[in-house]
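Chemist: here you go, sequence then predicted model.
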Amino acid sequence: MTKTVFITGATSGIGKACAEKFAAEKYNLIITGRRKERLDDLQAALTKEYAVKVWSLCFDVQQKADVFAQVAALPEDWQQVDILINNAGLALGREPFDEANMDDWETMLNTNVHGLLYVSRAVMPLLKRSAAAHIINIVSIAGKEVYENGNVYCATKFAVDTLSKSMRIDLLKHGIKVTAVHPGAAETEFSVVRFKGDEQKAAATYQGFEPLTGADIAASVYYCASLPPHICINDLVITCLAQAGPNHLFKK
Ligand code: NDP
Ligand code: 8X3
């Protein structure tokens with residue numbers, strides 16, 4: 001039977017690349033994000049190119065009631081999910097702790113932590129219908145090591161690293177795999193969002209080295225998802241050749 005993957009934050013970057021990879025591997029997809037037009041375009045493109053079924057849900061992961069309502073309202077034949085990729089997330093700002101914008105802190109905590117919790121709980125009954133369910137959390141090297149001015153973004157990713165471990169323990173009895181994927185610098189819209197539309201600052205982040213791409217991460221996510229049923233990759237840290245952690249980046 002064709003498997004279904006549910007991907008949050010599929011309108012851009014790593015999530016979009018995962019949607020493309022899993023569609024190419026003939027999965028049916030539930031894609032989500034806030035930008036409806038992008039969801040519609042991606043749904044049309046993937047359906048046409050790969051002849052898979054694609055359903056889209058437009059919601060903000062921070063909105064608990066909406067997340068639960070939209071997942072509960074999925075049509076009957078979309079009510080089994082085999083893989084959940086918790087990818088939606090963001091960094092906002094890169095200022096020291098004593099200068100950072102506190103609204104940005106709240107948005108990061110509400111999106112990266114609360115949003116991931118809401119989606120995971122809302123999708124849980126659908127995952128339990130699968131004989132081989134798998135949750136893949138897109139975390140970060142920022143969840144392994146703190147860097148200067150990374151304060152609350154790092155804290156959200158440390159939280160998701162910890163949650164990945166506790167989900168794996170608590171879901172053992174249900175046979176649900178949990179994998180945490182920790183990318184290093186990947187050139188997506190991440191830095192444009194972090195620097196609030198400042199394209200020059202965002203581009204400078206990736207100058208002097210060859211960063212990862214969304215497709216690089218998607219290939220690794222698919223690798224984790226395609227292993228035999230008795231194997232679970234717990235933790236996968238991926239950087240480009242020029243990086244050995246958030247504090248060690250060799251730029252030419
Ligand atoms: P992008 O900015 O390219 O994509 C982020 C995605 O998250 C978009 O699809 C966006 O969709 C979605 N999203 C953001 N906020 C919300 C929200 N409140 N509700 C629903 N969807 C939301 O960045 P990346 O692809 O790089 O980031 C994906 C994940 O990877 C994030 O969790 C990020 O922290 C993590 N990561 C990124 C790294 C990098 O260097 N790029 C490295 C390590 C981890 P929309 O705006 O349509 O809602
Ligand atoms: C994104 C990578 O190093 O900018 O999580 O925090 S980093």
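Modeler: Yep, it's here. Ligands and ions are numbered 1, 2, ... in the order given.
Chemist: residues in contact with the residue in the stretch 151-252 of the chain positioned nearest to ligand 2?
Modeler: Nearest residue of the stretch 151-252 of the chain to ligand 2 (CB to the nearest ligand atom) works out as residue 246 at 4.2 Å. All C-beta atoms are positioned from the backbone trio N, CA, C, and that covers glycine. Counting by CB atoms under 8 Å, 6 or more residues apart in numbering, residue 246 touches 141, 142, 145, 146, 147, 150, 184.
Chemist: apart from its chain neighbours, what residue comes closest to the fifth one?
Modeler: Closest residue in space to residue 147, ignoring its immediate chain neighbours: residue 246 at 4.1 Å, by CB to CB, 6 or more residues apart in numbering.
Chemist: can you check the fourth one too?
Modeler: The spatially closest residue to residue 146, leaving aside those adjacent along the chain, is residue 154, at 4.7 Å (CB to CB, 6+ apart).
Chemist: the one you found and residue 143 touch, don't they?
Modeler: Yes: in terms of CB atoms under 8 Å, residue 154 counts as a neighbour of residue 143; the distance is 7.1 Å.
Chemist: which one's more surrounded, those two?
Modeler: residue 143 (25 against 21; other CB atoms under 10 Å).
Chemist: only alpha carbons, please: show whichever strand or helix holds residue 119 as PDB.
Modeler: Element membership for residue 119 (DSSP states H and E) is helix 116-127. Taking C-alpha atoms only, helix 116-127 is exported to PDB below (Å, rounded to 0.1, in the frame of the first residue of the first chain):
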ATOM      1  CA  LEU A 116       5.900  20.900  17.100                       C
ATOM      2  CA  LEU A 117       4.100  19.600  20.200                       C
ATOM      3  CA  TYR A 118       0.600  20.500  18.800                       C
ATOM      4  CA  VAL A 119       1.200  18.900  15.400                       C
ATOM      5  CA  SER A 120       2.800  15.800  17.000                       C
ATOM      6  CA  ARG A 121      -0.200  15.300  19.300                       C
ATOM      7  CA  ALA A 122      -2.800  16.100  16.600                       C
ATOM      8  CA  VAL A 123      -1.200  13.600  14.200                       C
ATOM      9  CA  MET A 124      -0.600  10.900  16.800                       C
ATOM     10  CA  PRO A 125      -3.900   9.000  16.300                       C
ATOM     11  CA  LEU A 126      -3.200   8.900  12.500                       C
ATOM     12  CA  LEU A 127       0.400   7.600  13.100                       C
END
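Chemist: state the mean pLDDT of that helix.
Modeler: For helix 116-127, mean pLDDT rounds to 98.
Chemist: before I go, just wanted to say thanks for your time.
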